[in-house]
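Engineer: Below is the sequence, then the predicted model.
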Amino acid sequence: METPAKNELQGNSKETPFDKTVRGYIEMLISNIDHSQIDAKPMIPLGHGDPSSFSSFRPSPVLEDAVMKSIRSEKFNGYAHTSGIASARRAVGDYLSRDLPHSLSLSPEDIYITCGCNHAIQILVSVLSFPGANILLPTPGYPHYEVNCDSAGIAVRHYNLLPEKGWEIDLDSVEAEADENTVAIVVINPGNPCGTVFSSHHLLQIAETADKLGILVIADEVYHGLAFGNNPFVSMGVYSPIVPILTLGSLSKKWLVPGYRLGWIAVNDPKGILKKKKFTHNIAKYMSISANPATFIQASVSEIIEKTEEEFFNKTILTLRDCAQLCYTYLQEIDCITCPHKSDGSMFAMVKLNFSRLADISDDTDFCCKLAKEESVIILPGTAVGLSDWLRITFAVDLASLQDGLIKLKNFCRSHRKISGNQTDEDSYNP
């Protein structure tokens with residue numbers, strides 16, 4: 001008898017949605033760096049929102065003390081409740097309630113503790129999914145939403161953000177994209193990737209539009225409070241009497257500890273609509289089969305929130321403001337780049353490439369790959385966030401590194417400038 005042939009393992013060599021994450025793009029760009037020149041040209045990371053390695057963005061000592069106290073207590077070595085331990089849920093609810101009218105205060109039961117905000121996105125997209133469902137995402141936006149929608153089998157429809165209006169939401173495009181199978185709209189405020197902070201009036205318009213369409217709002221507020229422009233930060237939860245709001249947040253950005261992987265989902269639903277539809281029940285059920293943050297990190301949350309002084313947050317905001325101003329000022333000196341809006345919040349700026357002034361650059365990804373190879377500067381191509389021919393620049397780094405990176409960006413653009421007619425090198429470059 002012949003021995004049956006063994007099946008040959010087959011790998012998936014095709015591009016997958018998981019290649020389209022920010023990390024996927026960053027890793028691809030880093031692979032383009034000439035590592036033989038890394039000592040002469042150290043890498044300058046202007047591509048992702050993790051400033052924790054820079055001296056001007058160090059976390060408060062309160063966090064280390066709280067975590068070590070939690071570990072040394074030996075009370076938090078076991079599994080936690082799947083929705084989070086009670087003290088963490090209470091602390092997050094009290095913290096978020098500071099931004100809400102008293103009548104809209106959140107209870108511990110309104111809070112679900114997650115492994116960072118990306119985990120919260122995964123949970124909500126999975127719970128919202130049903131055959132034929134779709135969700136409204138911003139363009140440009142945060143690609144993790146689209147990756148999770150693809151994985152969960154929920155269709156994506158994109159609405160526009162308007163650079164000429166400070167990246168406000170184009171509400172007409174929201175209404176045009178929504179239909180009877182639309183379940184939610186994602187609103188990112190403060191904005192990633194655009195660095196915008198929506199006014200209270202615009203947030204009200206968003207809530208009224210969602211109510212008109214009969215959909216809930218997923219309010220991504222991972223950059224909660226990091227606002228330094230004309231508009232103060234206002235939580236979308238303020239408008240929960242109009243439409244149910246699911247607020248996402250984490251310790252990652254405001255406390256400058258993305259590696260702690262501690263996030264949350266807050267249910268702002270004073271009318272109890274989501275509870276009646278068993279949506280909150282389904283969140284809890286999903287969390288029973290998913291990962292949970294480390295118990296000792298959860299146990300430290302109460303002390304972290306209660307004891308971190310306002311001075312720490314104010315220092316971070318002032319540093320970000322100075323970085324945003326420096327970034328905007330230097331970008332004005334690069335004639336192949338246009339920055340339509342100086343960032344008001346978060347850690348990012350979106351800028352548009354003018355290819356009519358560039359030679360031997362095919363698109364935004366090619367621009368970023370060559371920039372990485374020639375200057376060891378990492379900037380995220382706009383394609384990664386849904387907007388080709390644009391760039392997303394992270395300014396949350398030390399001022400000296402930011403200045404060095406922007407000078408290298410300027411020199412790169414100069415070396416790739418397009419020269420036409422009788423122009424000389426000096427004529428074609430106008431700093």
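Structural biologist: Perfect, thanks for sending it.

Engineer: center of this structure - which residue?
Structural biologist: Nearest to the mean C-alpha position of the chain, counting by Cα atoms, centre = their mean, stands Asn192 at 4.7 Å.

Engineer: Tell me which residues of whichever strand or helix holds Asn118 come out buried.
Structural biologist: Per DSSP states H and E: Asn118 is located in helix 116-128. Within helix 116-128, the residues scored as buried using 16 or more other Cβ atoms under 10 Å are 116-128. The way it works is simple: take the backbone N, C-alpha and C, and place the C-beta from them, glycine included.

Engineer: before we move on, the earlier item: didn't the residue nearest to the centre of the chain look like it was pressed against Ser343?
Structural biologist: No. Look at Asn192 against Ser343 with Cβ atoms under 8 Å: they stay out of range, at 10.6 Å.

Engineer: So what are the structural domains in this protein, by residue number?
Structural biologist: As assigned by automatic domain parsing, the chain contains the domains 17-57+311-416, 61-307.

Engineer: Can I get these in CSV including mean pLDDT?
Structural biologist: Putting those into CSV (pLDDT from 0 to 100) gives the following:
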stretch, mean pLDDT
domain 17-57+311-416, 95
domain 61-307, 97
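
Engineer: Which other helices and strands does the helix holding Asn118 contact?
Structural biologist: Applying 3 or more Cβ pairs under 8 Å, 6 or more residues apart in numbering; DSSP states H and E, one finds that helix 116-128 contacts strand 111-114, helix 143-152, strand 182-188, strand 216-220, strand 245-250, strand 263-268, helix 279-287.

Engineer: Packing partners of the next helix or strand after it?
Structural biologist: Using DSSP H and E, the helix or strand that follows helix 116-128 towards the C-terminus is strand 134-139. Judged by 3+ Cβ pairs under 8 Å, 6+ apart, strand 134-139 is in contact with helix 143-152, strand 155-162, strand 182-188.

Engineer: Show me which positions of strand 134-139 end up buried.
Structural biologist: For strand 134-139, a neighbour-count test (16+ other Cβ under 10 Å) marks Asn134, Ile135, Leu136, Leu137, Pro138 as buried.

Engineer: What of stretch 267-287?
Structural biologist: Buried, per 16+ other Cβ under 10 Å, within stretch 267-287: Val267, Asn268, Asp269, Pro270, Leu274, Phe279, Thr280, Ile283, Tyr286, Met287.

Engineer: For it, list the C-alpha coordinates in PDB.
Structural biologist: This file holds the C-alpha atoms of stretch 267-287, laid out as PDB (Å, rounded to 0.1, in the frame of the first residue of the first chain):
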ATOM      1  CA  VAL A 267     -20.900  53.300  28.700                       C
ATOM      2  CA  ASN A 268     -22.500  56.700  28.700                       C
ATOM      3  CA  ASP A 269     -26.200  55.700  28.300                       C
ATOM      4  CA  PRO A 270     -28.400  57.500  30.800                       C
ATOM      5  CA  LYS A 271     -31.600  56.300  29.000                       C
ATOM      6  CA  GLY A 272     -30.500  52.700  29.300                       C
ATOM      7  CA  ILE A 273     -30.900  52.000  25.600                       C
ATOM      8  CA  LEU A 274     -27.800  49.800  25.300                       C
ATOM      9  CA  LYS A 275     -28.800  47.800  28.400                       C
ATOM     10  CA  LYS A 276     -32.200  47.100  27.000                       C
ATOM     11  CA  LYS A 277     -30.700  45.900  23.800                       C
ATOM     12  CA  LYS A 278     -28.400  43.700  25.800                       C
ATOM     13  CA  PHE A 279     -25.400  45.400  24.300                       C
ATOM     14  CA  THR A 280     -23.600  45.900  27.600                       C
ATOM     15  CA  HIS A 281     -24.400  42.200  28.400                       C
ATOM     16  CA  ASN A 282     -22.600  41.200  25.200                       C
ATOM     17  CA  ILE A 283     -19.600  43.300  26.100                       C
ATOM     18  CA  ALA A 284     -19.300  41.500  29.400                       C
ATOM     19  CA  LYS A 285     -19.700  38.100  27.700                       C
ATOM     20  CA  TYR A 286     -17.100  38.900  25.100                       C
ATOM     21  CA  MET A 287     -14.600  40.000  27.800                       C
END
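
Engineer: residues making contact with that stretch?
Structural biologist: Applying Cβ atoms under 8 Å, 6 or more residues apart in numbering, the contact partners of stretch 267-287 are 82-83, 100, 103-104, 106, 110-112, 114, 123-124, 126-127, 216, 219, 236-237, 240-241, 244-247, 265.

Engineer: circling back: can I get the helices and strands packed on helix 116-128 in TSV including distance to Ser73?
Structural biologist: Output for the helices and strands packed on helix 116-128, formatted as TSV (distance: least, Cβ to Cβ, whole Å):
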stretch	distance to Ser73
strand 111-114	18
helix 143-152	34
strand 182-188	37
strand 216-220	33
strand 245-250	24
strand 263-268	22
helix 279-287	25
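
Engineer: of all those, which lies closest to Ser31?
Structural biologist: Of all the helices and strands packed on helix 116-128, the one in closest proximity to Ser31, counting by Cβ to Cβ, is helix 143-152 (18.8 Å).

Engineer: Can you give me the buried ones in that closest one?
Structural biologist: For helix 143-152, by 16+ other Cβ under 10 Å, it's Pro143, His144, Tyr145, Glu146, Val147, Asn148, Cys149, Asp150, Ala152.

Engineer: Next, Lys75: secondary structure please.
Structural biologist: coil (DSSP: H, G, I helix; E, B strand; the rest coil).

Engineer: For Gly225, give me its contacts.
Structural biologist: Phe233, Lys254, Phe313, Ile317.

Engineer: Nearest to Ser300 among the residues you listed?
Structural biologist: Lys254 (15.4 Å).

Engineer: and the closest one, what does it touch?
Structural biologist: Lys254 sits in contact with Tyr223, His224, Gly225, Leu226, Phe313, Thr316, where contact means Cβ under 8 Å, 6+ apart.

Engineer: Then Cys194?
Structural biologist: Cys194 touches Pro140, Leu161, Pro163, Trp167, His341, Ser343, Phe348, Ala349, Met350, counting by Cβ under 8 Å, 6+ apart.

Engineer: With neighbour count and distance to Arg261 added, can I get those in TSV?
Structural biologist: Below are the contacts of Cys194 laid out as TSV (neighbours: other Cβ atoms under 10 Å; distance: Cβ to Cβ, whole Å):
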residue	neighbour count	distance to Arg261
Pro140	27	25
Leu161	24	28
Pro163	20	33
Trp167	23	28
His341	20	31
Ser343	28	26
Phe348	28	21
Ala349	24	26
Met350	26	27
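
Engineer: Quickly note the distance from the residue nearest to Ser415 when sequence neighbours are not counted to Gln403.
Structural biologist: Spatial nearest neighbour of Ser415, chain neighbours left out: Glu374 (7.6 Å); criterion: Cβ to Cβ, 6 or more residues apart in numbering. Applying Cβ to Cβ, to the nearest Å, the value for Glu374 to Gln403 is 18 Å.
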